[in-house]
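In: task: produce atomic coordinates for the following.
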Amino acid sequence: MTRAMRFDHLIRGDLVLPDAILRDGWIAITGQSIAAIGSGTPPDAAAIHDHAGHLVLPGLVDGHMHTSSHTGWEGIAAPPAPPPRAASPPSATCPTTRPAL
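Out: Numbering: from 1, shown residues only. Here you go, the predicted model:
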């Protein structure tokens, strides 16, 4: 009998956590969410990504990817342009011409 896979992906490496670095740790992923983090014997997964000896930052948002959403990279929709701003009327307290002396 084949044992069912519990997680979709398992990432192994040195995990950078808020308070420590967990050497030889693992991250178990289900769908697009982190389901578990630990060390020692990892759980079963459909795909294993071994990054032993490398730092892994669970949950880190890739700022380069998210800021590129404004560039219109293929597959990423650029945000709509903001509406044009109306011109401000000249201020009554700041004349644009000097009075004759």
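In: how about the strands in this protein?
Out: Listed in chain order, the strands found in the chain under DSSP state E are 7-16, 21-30, 33-39, 45-56.
In: Ala81: which of the ones you listed is closest?
Out: For these, the distance to Ala81 is smallest for strand 33-39, at 33.5 Å, taking C-beta to C-beta. The way it works is simple: take the backbone N, C-alpha and C, and place the C-beta from them, glycine included.
In: pull up the pairing partners for the closest one, direction included.
Out: In the sheet, strand 33-39 lines up against strand 21-30 (antiparallel) (DSSP bridges).
In: CA atoms only: put the strand it pairs with into PDB for me.
Out: Extracted C-alpha coordinates of strand 21-30, given in PDB (Å, rounded to 0.1, in the frame of the first residue of the first chain):
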ATOM      1  CA  ILE A  21      18.400  30.400  12.400                       C
ATOM      2  CA  LEU A  22      17.100  26.800  12.400                       C
ATOM      3  CA  ARG A  23      19.900  24.700  10.900                       C
ATOM      4  CA  ASP A  24      18.800  21.800   8.700                       C
ATOM      5  CA  GLY A  25      15.200  22.800   9.000                       C
ATOM      6  CA  TRP A  26      12.200  22.200   6.700                       C
ATOM      7  CA  ILE A  27       9.100  24.000   5.500                       C
ATOM      8  CA  ALA A  28       6.000  22.000   4.600                       C
ATOM      9  CA  ILE A  29       3.700  23.600   2.100                       C
ATOM     10  CA  THR A  30       0.100  22.800   1.200                       C
END
